[in-house]
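Peer 1: Sharing a model prediction with you, sequence too.
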Amino acid sequence: MQPATFEAELVRDGYTPVRIAMQPDAVNPEHQHPFDARLLVIEGSVTIVRDGAPTAIYAVGDTFEVPAGTRHSETAGPTGATYVAGRRAPTKEMAQ
């Protein structure tokens, strides 16, 4: 999927798109955020560990979601990672 198409879908679904770049092998330690996130990797790769679940590696063209409140960590691949991320306040149904 092209980044522009993904961004248009994010806006359609109520997300605010941002672009994030991580340096090679950068680590964003375990954390959580108060928003739902939907992401598309556009360069490099990123490894995500969620709530202690098995590691998932996402490469160029891969999309994934991280619901609000999900504990997770992020590690960029050896060439770094750039991704389009959409952020949206969780819906009331999901927050309950």
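Peer 2: Structure's in. What do you need?
Peer 1: State the pLDDT value of the residue sitting nearest the centre point of the chain.
Peer 2: When C-alpha atoms, centre = their mean is applied to the chain, the residue found nearest the centroid is residue 39 (3.9 Å). In the prediction, the pLDDT value recorded for residue 39 is 97.
Peer 1: That one is in contact with residue 64, isn't it?
Peer 2: Yes: contact criterion C-beta atoms under 8 Å: residue 39 and residue 64 qualify, at 5.7 Å. Yep, even glycine has a C-beta here, placed from its N, CA and C like the rest.
Peer 1: Mutual contacts of those two, please.
Peer 2: residue 58 (C-beta atoms under 8 Å, 6 or more residues apart in numbering).
Peer 1: circling back: using CSV, write down the CA coordinates of whatever helix or strand the residue nearest to the centre of the chain lives in.
Peer 2: Taking DSSP states H and E as the criterion, residue 39 maps to strand 36-50. Only the C-alpha atoms of strand 36-50 are listed here, as CSV (Å, rounded to 0.1, in the frame of the first residue of the first chain):
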residue,chain,number,x,y,z
ASP,A,36,-5.1,3.6,19.3
ALA,A,37,-2.3,3.4,16.8
ARG,A,38,-2.4,2.0,13.2
LEU,A,39,1.0,1.8,11.4
LEU,A,40,2.5,1.2,7.9
VAL,A,41,6.2,0.6,7.6
ILE,A,42,7.6,2.5,4.7
GLU,A,43,11.4,2.0,5.2
GLY,A,44,13.5,-0.5,7.1
SER,A,45,11.8,-2.7,9.7
VAL,A,46,10.6,-2.6,13.3
THR,A,47,10.3,-5.3,15.9
ILE,A,48,7.3,-5.0,18.3
VAL,A,49,6.8,-7.0,21.5
ARG,A,50,3.3,-6.6,23.0
